[in-house]
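Student: I would like to see how this sequence folds:
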Amino acid sequence: MEPLPTQAAEPLQRSVTARPYAFTFEPSTTALLIIDMQRDFLEPAGFGETLGNDVSLLAPVIPAVKSLLDAARSIGMAVIHTREGHRPDLTDLHEAKRVRGNPTLEIGDPSPNGRILVRGEYGHDIIDELAPIAGEAVIDKPGKGAFYATDLGLLLAKGGITSLIVTGVTTEVCVHTTVREANDRGFECLVVEDGTGSYFPEFHATALRMISAQGGIFGWTATSTEVLEALPGPSPTSTTTTPTTAETLSPTADPHPTPVTTGA
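Tutor: Got it, this is the predicted structure:
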């Protein structure tokens, strides 16, 4: 498992206008967590569509996540991507999950983008707009939550991370599960309202309200604009070009980011 890169962001506390009240964090101890922005969920012929969902409803999330990803890279903030999927032999796939939802294609079945939700297949990977660069951890998870059967907790501990800015899909499933897991482990979580999405807009709205209800029982919510306004300017050693950012965050890293594999 590769450690998170040394943080280049300035260690001054920042404050985001958020719900239910201001979210404070230090960029040096914060990670941008991008959950499951994979072709199998966002593009046609993937798992999301096989369940009868309109995958176009997730498209508006991409620009918001991209803006935060660009900003995080420019200041050297830690970035972590997750991908839901299974081993090629499906030994980590519960039978209950395989058949649930009565999909037209089950997990492991062939599709135009390769076998559905199987690691190493084209559909399992993250969309091009948000593709990881060298130095960014990729967590492969077999379940909804990013902590279950993965090394995410160890990765965060080794990186000194205490706060998470959470984006990705879907709000009420993998995002919510991960935020609840993180909350139980003592992490402060800010969920980005327009940087998360659902196939069901009403579920998205309700899920966000649940996070910030009761004085922030699971965390905070804010828009991507509100988060960007709170971030510091680019690090003097960083630039806005992706190749330079990759070199800045991890000068000796392999040009292809190494996923943080799970024990599932």
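Student: how about low-confidence regions in this structure?
Tutor: For the chain, the stretches with pLDDT under 70 are 1-2, 5-11, 235-264.
Student: In space, not sequence, find me the middle residue of the chain.
Tutor: residue 34 (1.7 Å; Cα atoms, centre = their mean).
Student: what packs against the strand or helix carrying that residue?
Tutor: Per DSSP states H and E: residue 34 is located in strand 30-35. Helices and strands touching strand 30-35, by 3 or more Cβ pairs under 8 Å, 6 or more residues apart in numbering; DSSP states H and E, are helix 61-75, strand 78-84, strand 163-169. Just so you know, the C-beta spots here come from the backbone N, C-alpha and C atoms, and that holds for glycine as well.
Student: one step back: show me the residues around the residue nearest to the centre of the chain that make contact.
Tutor: For residue 34, the contacting residues are 65, 69, 79, 80, 81, 82, 126, 130, 167, 168, by Cβ atoms under 8 Å, 6 or more residues apart in numbering.
Student: if we go to 7 Å?
Tutor: 65, 69, 81, 130, 167, 168 (Cβ atoms under 7 Å, 6 or more residues apart in numbering).
Student: for the closest residue to residue 201 other than its chain neighbours, helix, strand, or coil?
Tutor: Using Cβ to Cβ, 6 or more residues apart in numbering and skipping residues adjacent in sequence, the residue nearest residue 201 is residue 57, 7.1 Å away. Classification of residue 57 using DSSP: H, G, I helix; E, B strand; the rest coil returns helix.
Student: how about the strands of the chain, start to end?
Tutor: For the chain, the strands defined by DSSP state E occupy 14-16, 23-25, 30-35, 78-84, 137-141, 163-169, 188-197, 220-222, 259-260.
Student: hmm, back to that, does the residue nearest to residue 201 really touch residue 200, like I thought?
Tutor: No. Taking Cβ atoms under 7 Å as the definition, residue 57 is not a contact partner of residue 200, at 8.1 Å.
Student: Quick check: residue 173 vs residue 199, distance?
Tutor: Between residue 173 and residue 199 the distance is 10 Å, computed by Cβ to Cβ, to the nearest Å.
Student: the more surrounded of those two?
Tutor: A side-by-side neighbour count of residue 173 and residue 199, using other Cβ atoms under 10 Å, places residue 199 first with 22 against 19.
Student: Span of stretch 87-106 from start to end?
Tutor: 14 Å (Cα to Cα, to the nearest Å).
Student: can you list the residues that contact it?
Tutor: 50, 51, 86, 107, 108, 111, 116, 118, 119, 120, 142, 264.
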